[in-house]
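J.: my questions concern the predicted model and sequence given below.
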Amino acid sequence: MLRYIVNRFIQMVVVFFLFLIISYLLFDAIPGNAFQNLLLNPSLPPYAYEETIALYGLDQPLSVRLQKYIVNFFKGDLGYSYIQFPKTAIELIAERLPRTLMLFSVVNILAFYTGFFVGKILAWRRGSKSETWITITSVFSYTVFYPWFALLMLWFFGLRMGWVPIGKFLTPSKWYDSPFDSDVVFLEMIKYMVIFSVLYFVITLLTKEIESLNLRRNIRLGSFFALLFISNFYWNTGQLSEMRFYAGDIAYHTILPVLTVTIVAFAGTALLTRTTMMEVLKDDYILTARAKGLSQKRIRDRHAARTALLPVVTSFIFTIVTIIDGSVLTETIFSWPGMGQLILESVLREDIPVAMASFSFIGVFALIAHFLADVSYAFLDPRIRIKSQG
Amino acid sequence: MSDIILDVQNLSMHYETLEGNVLAVKDVTFNVKSGESFGLVGESGCGKTSVAMTLLQLQPENSVISEGSIKLDGKELIGLSENELRKVRWDSISIVFQGAMNAWNPVIKIGEQIREALREHYPENSKQTNIDKINQLFKMVGLDESTANRFPHELSGGMKQRAVIALALSCDPKIIIADEPTTALDVVIQDQILNEIKKVQELLGLSLIYISHDIAVIAEMTDKIAVMYAGSIVEIGPTSEVFNSPKHSYTKALLDSTPSIKGEKKKLKSLDGEPPSLINKIEGCSFAPRCPNRNISCKPERDMKLIEVGHDHFVDSCSLGENYE
Amino acid sequence: MDTVNNSENNSLKYESLKRNFNLFKQSKIGVLGLVIVAFFGLLALLQPFLFLTNIWDEATYHPVVGYDSQKIQATVVSCKDIDYPTPEYKTPNDCPGPEEVNIVAVAPYNPGIQEGDVIEQFIQPAPPSSKHILGTDSLGRDVFSQLMEGSQVAFVLGLLSAIVGVGISTLLGTIAAYFGGAIDAYLMRQSDLVLMLPTLPLLFIISAFAELQVWHLALVLGIFGGLGGSVITIKSQALQVKVKPFVDSARITGGSRMKILISHILPNVAPLALLYMVFSVTGAIASESILSFLGLLNIDMSWGLMISVAQADGYINQGMEYWWLVLPAGLAVTLLAGGFYLVGRGLDDVFNPRLRKR
Ligand SMILES: Nc1ncnc2c1ncn2[C@@H]1O[C@H](COP(=O)(O)OP(=O)(O)OP(=O)(O)O)[C@@H](O)[C@H]1O
Ligand SMILES: [Mg+2]
């Protein structure tokens, strides 16, 4: 197991270096840079352009720059933004990354679970009328033209119904006299979510050994509500009780993007789960499970879905990159100031250091996701676990 | 000893396929008494597995039972809901599938997969009771206790097969169906497993339906035997009687084509031709085209129908001469 | 002799095609997809037909430079800042009503105009009428004609990129399977790397230094699709074929590697590749629409552009009032992409024995 992880890790590092080099070369190939319009300004002396170029180190040969770039990358120095000068690329990313990450993880967890659930039901009800309808709906939401759909959602829920805010991360008017920085509040929210999920995960682990299935389920359900109840106290302590109002505002703004992306993203998982489940249902051990007299639900969840989970997880990871793609659109349409928006803006305005830094970060992110997926896959499938030991 | 556990009457079943209906089980009638071991023998593709699946009502989606009844302990199984069937399965009747190698879910430990069945049928059991029970079962079939904590791919074929037998025994069924439990195993292991099954069956006083294409194995294992051809039972009777005085030409051919059980060397006579396609209904005797002594004693145009020729010994009428009407 | 053989062969092929089509017809979902795709195919072909036969003249119906003014007789009214509801209007938004125009808006061009006058007004965008069955956009262009043009773009791009992509992945996949070793390892790492690239940001970057044309995009999408995950799938399929007995016997009887690859392995990988092709059309259509929606594609007309224009002009925020600008293009992208997906699903359901019911 350990060897497997180490192996994957080394591979990851190699791929990452390649990725850095390729992305640098790509950006280098872009003709022009943000300073070319200095040349258009007749009131500047001609050497001003050259000096600026030299200041940013753009006059050096490619190999030197590439080397410098990689060394600096690992030092955490990604250069200054051309457009928002005193800010560094890292600062910009540090500000935006948590927002993207949080939206991204909430949406993905939701989408994966709904998708897996719906797919399971679809395969189980094969051939029924409801299957045809759910399939058509899922295909629709899988192939729906995303920006269009998001705009319509925004129009319907935001403008027409007025239930949710129309885009943005927060309501500025509420924050004028706020004692807190929005990022601090946001980090506090993330901290809470992490604590909550870890606690719940621990409870699931602890209850794993309970023999009676009903009891096990009830305990888990009960402790979930208990955690919710405790959360209430948590947000009433100290500073948090004042922060609650602002946290609520941010949470309110996440509703629509989360809903929209989930609707679009769940379908892929659902359709894939259906296919894999249907293949699994042909396997002999499903017949054994039926012969044993197990309940339909148990056969579906424990035997079929558990095995079908493996390929679904892998391909879900493969699609993470596409989900990142989607986040560019999501953030643009919902004016959510995250990484996706940053990358689009910086490319459009040729703010190369920022564009490059965010592109690399997305790459790192995808890479880590792949790595984690590989490792968790190995945990899920005992066959791999064993093989890698020997 | 003579009370009937399983009573199958006029069972007919077909599969709906793109090419047409495959008539896999035709008008099959037999019964199994408590403690008795019953053999079902026939060539590959004659419908043995189809019969076994139908007994548990586990037949695939595209199958249709056109007529007949299956009474288990006096209770009709055909037409029961899935929930009612769940209570019967494993509790009264369990099965060792053909190709039991794949009977285990690859991602769940062996012990857990057995425990699952126990939990379903004995919800009041504590965890320890279940574990004890499993250990006892493992001992019975000659497996180590630690097997419970292993994943299926960590076991050899023979171990998996023994574990499957332990699984089949776990809920104390009244009757076990063993569908070619030893194919894909080497001869030595085959023998061990057969002995194991026989030992356990006698020890627990179970009824057994043993399915095989190997008539020699059937002879060793069973008290009563049914010979199947193209979906129908062509001869049925006490094993010794069928072996000593086979009446149906197919049974004779089958016996001739097997090396003698008693050890005397006989020339192997294999049957010519292929079994008929089951897609279309066959008029008259389905064995006629391959029958070696068609012209001597058969009436191929006669519809298939079992006729009693000795005590409890029935034979398909069309393979009998003029005397039988 | 040869010809006889050939025709026999053809009729055999025809027979098996017919049989396969009958199989395919069993999948309701697949047939639905086929109907959708055929509908848009017809739409794409109809437009050149209409222009060539002069049923449509280019000046009015051209999707990009056509122009048609719709005139209506409008009554001049004045909307004042007074308390609503008034007897005529319920809210301030209802004034001016249909076939009415606010005096403030027209006074500068029509000196001496008075309330109650009736003047000629151009309306753009114009709602659907018998002349323009999906109305016109804010520049007076026919929306239906634009939809047809977009359909052509989608087909050309989708099919082109799918063919390029599947060509590449089939080639590389079979090579990886057949030769194994270092070549295989290299190809697999390469797909890992490509899979990791965020496509959309990458396309942004590419569009930043090249005027991205449709066929450029098709090539880029095809190449990235072809180098990515599908190589792995095709390879594993080819591996299964490689161990089949007929490949062995071909090798023993002395077939060259190339010949075995082409005559034995490729045909067996082809069905899966075809399936991939159908699915990848879905992705290509979506990518094209997104890029033209973001204005990163150098293109005169496409479905994405239509939505982009509708959004830039603020019609989407007015919801269903200008539905002919909002709905057709978005639905077209969704339906065509979905249609291709459904065809793929249908093929998969029927021809994948692991999924087949009977
Ligand atoms: N799900 C199915 N759909 C269609 N036909 C089937 C199906 N299952 C079995 N058959 C057909 O029914 C017939 C009987 O099959 P069955 O599996 O019962 O034979 P068997 O006697 O068990 O053979 P074997 O000794 O090889 O196990 C065969 O012709 C087989 O092709
Ligand atoms: Mg069988």
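T.: Alright, I've got the coordinates. Ligands and ions are numbered 1, 2, ... in the order given.
J.: does ligand 1 sit close to the top helix by length along chain A?
T.: Criterion DSSP state H: the longest helix present in chain A is helix A:240-281. No: using C-beta under 6 Å from any ligand atom, we find that helix A:240-281 stays clear of ligand 1, coming within 13.3 Å at best. In short, each C-beta sits where N, CA and C put it, glycine included.
J.: any idea of the mean pLDDT in that helix?
T.: Summarised as a single mean, pLDDT over helix A:240-281 is 85.
J.: before we move on, what about stretch C:314-327?
T.: 81.
J.: does the longest helix of chain A reach chain B?
T.: No: using C-beta under 8 Å from any C-beta of the partner chain, helix A:240-281 stays clear of chain B, coming no nearer than 9.6 Å.
J.: swap in stretch A:215-234?
T.: No: taking C-beta under 8 Å from any C-beta as the criterion, stretch A:215-234 and chain B are apart, separated by no less than 10.5 Å.
J.: cool, stretch A:288-302 as well?
T.: Yes: using C-beta under 8 Å from any C-beta, stretch A:288-302 reaches chain B at A:288-296, A:298, A:302.
J.: what's whichever helix or strand A:Glu51 is part of packed up against?
T.: Using DSSP states H and E, the element containing A:Glu51 is helix A:47-55. Here helix A:47-55 touches helix A:36-39, going by 3 or more C-beta pairs under 8 Å, 6 or more residues apart in numbering or on different chains; DSSP states H and E.
J.: quick one, what contacts B:Thr29?
T.: Counting by C-beta atoms under 8 Å, 6 or more residues apart in numbering or on different chains, B:Thr29 touches B:8-11, B:233, B:306.
J.: helix, strand or coil for it?
T.: strand (DSSP: H, G, I helix; E, B strand; the rest coil).
J.: now the contacts of B:Thr29 as CSV including pLDDT and secondary structure?
T.: Formatted as CSV, those follow (pLDDT from 0 to 100; DSSP: H, G, I helix; E, B strand; the rest coil):
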residue, pLDDT, secondary structure
B:Val8, 91, strand
B:Gln9, 91, strand
B:Asn10, 90, strand
B:Leu11, 91, strand
B:Ile233, 88, strand
B:Leu306, 72, strand
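J.: so among these, which ones count as buried?
T.: Buried residues within the contacts of B:Thr29, counting neighbours by 16 or more other C-beta atoms under 10 Å in any protein chain shown: B:8, B:11, B:233, B:306.
J.: identify the bridge partners of the second one.
T.: Residues in a beta bridge with B:Leu11, per DSSP bridges, are B:Val28.
J.: got it, and the last one?
T.: The residues listed as beta-bridge partners of B:Leu306 by DSSP bridges are B:Asp316.
J.: can I assume it is in contact with B:Asp316?
T.: Yes: using C-beta atoms under 8 Å, B:Leu306 makes contact with B:Asp316 at a distance of 6.0 Å.
J.: shared neighbours, the two?
T.: Contacts common to B:Leu306 and B:Asp316, judged by C-beta under 8 Å, 6+ apart, are B:Ile233.
J.: where does the chain dip in pLDDT?
T.: By default, I'm working from chain A. Counting by pLDDT under 70, chain A contains low-confidence ranges at A:1, A:31-40, A:211, A:318, A:320-324, A:377-378, A:380-390.
J.: oops, chain C please
T.: If you take pLDDT under 70 as the line, chain C has these spans: C:1-14, C:81-82, C:84, C:91-94, C:98, C:209, C:241-248, C:250-255, C:257, C:351-358.
J.: may I ask you to name the longest helix in it?
T.: helix C:143-179.
J.: could you pull up phi and psi at the most far-flung residue of chain C relative to its centre?
T.: Distance to the chain centre peaks in chain C at C:Gly112, reaching 51.5 Å (criterion: C-alpha atoms, centre = their mean). C:Gly112 adopts backbone torsions of phi 80, psi 10, taken as degrees, to the nearest 10.
J.: gap between it and ligand 2?
T.: In this view, C:Gly112 and ligand 2 are 99 Å apart by C-beta to the ion, to the nearest Å.
J.: likewise A:Ile210?
T.: 39 Å.
J.: which residues does that residue contact?
T.: Per C-beta under 8 Å, 6+ apart, neighbours of A:Ile210: A:216, A:219.
J.: and it, how far from A:Arg217?
T.: 9 Å (C-beta to C-beta, to the nearest Å).
J.: with A:Thr254 instead?
T.: 30 Å.
J.: out of those two, which sits in the more crowded spot?
T.: A:Thr254 (20 against 12; other C-beta atoms under 10 Å in any protein chain shown).
J.: ok, B:Ile93 touching B:Gln57?
T.: No: B:Ile93 lies out of contact with B:Gln57 (C-beta under 8 Å); the separation is 9.8 Å.
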